[in-house]
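Engineer: sharing a sequence plus its predicted fold:
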Amino acid sequence: FFGNTLIFVVAGAVIGYKFPSVPMKDFLHLPVMYVTCTLIRMFVVSMTFILFRYCGIKLEKKDQVITIFAGLRGAVGLSLAMMVFGDPRICQPIREIVIFQTAGIVVLTVCINSLIMPKLVSLLGLDSIAPSKELIYNQAMISLLKAGRSQEGFLRSDHLFDGVSWETSRKYYFQVDLCKLELERESLLQKN
């Protein structure tokens with residue numbers, strides 16, 4: 001976390017220092033670079049999914065779409081761009097273009113992809129839980145609740161815990177509405 005934050009702070013300082021000298025044409029190239037990076041990522045992800053399919057691993061198209069748009073270009077790209085920027089063997093205009101374009105891609109990725117992802121996840125139906133998974137989850141919660149209540153019964157019978165306010169203590173450990181879970185489990189069982 002610290003290293004990641006440090007890279008972004010240093011890159012921001014470098015770009016802020018050099019920002020006034022960036023020509024307008026570089027600003028116009030930035031959206032083209034963003035789209036190009038996304039298309040390249042789409043090609044690489046598609047080839048990877050084809051390779052997985054060839055190896056017998058079946059992956060869904062939904063996963064492929066999310067993988068294409070979920071990738072951030074961040075700390076690694078910025079650190080490499082800062083290495084280029086700090087290398088005196090490379091001419092000054094090239095160094096400035098590399099750091100500006102890289103930082104611009106990072107900013108566009110964060111801004112655009114963060115707005116697209118929630119809608120994309122919802123559109124692909126990845127924000128809903130399958131009934132079978134919900135049933136398994138509910139059964140696990142019921143088991144945990146019953147085990148917790150059973151353990152509480154053992155503790156209540158021990159004289160060391162006579163002074164415990166059990167109503168207060170229940171606020172500090174896992175609480176589930178058992179009746180609600182039982183009803184949900186029955187309705188899911190009837191659907192299946």
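Structural biologist: That came in fine, so what should we check first?
Engineer: packing partners of the top helix by length along the chain?
Structural biologist: Ranked by number of residues, the top helix in the chain under DSSP state H is helix 24-54. For helix 24-54, the packing partners by 3 or more C-beta pairs under 8 Å, 6 or more residues apart in numbering; DSSP states H and E come out as helix 61-70, helix 92-108. For glycine as for every other residue, the C-beta is placed from the backbone atoms N, C-alpha and C.
Engineer: any weak-confidence spans in this structure?
Structural biologist: Within the chain, the stretches with pLDDT under 70 are 1-8, 10-11, 14-21, 71-73, 172-192.
Engineer: give the residue farthest from the middle of it.
Structural biologist: His159 (48.2 Å; C-alpha atoms, centre = their mean).
Engineer: for that one, what are its contacts?
Structural biologist: If you count contacts by C-beta atoms under 8 Å, 6 or more residues apart in numbering, His159 has none.
Engineer: could you check how far it is from Glu134?
Structural biologist: Per C-beta to C-beta, to the nearest Å, His159 is found 42 Å from Glu134.
Engineer: need the helices and strands packed on helix 24-54 in JSON lines with distance to Arg41, can you?
Structural biologist: Formatted as JSON lines, the helices and strands packed on helix 24-54 follow (distance: least, C-beta to C-beta, whole Å):
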{"stretch": "helix 61-70", "distance to Arg41": "6"}
{"stretch": "helix 92-108", "distance to Arg41": "11"}
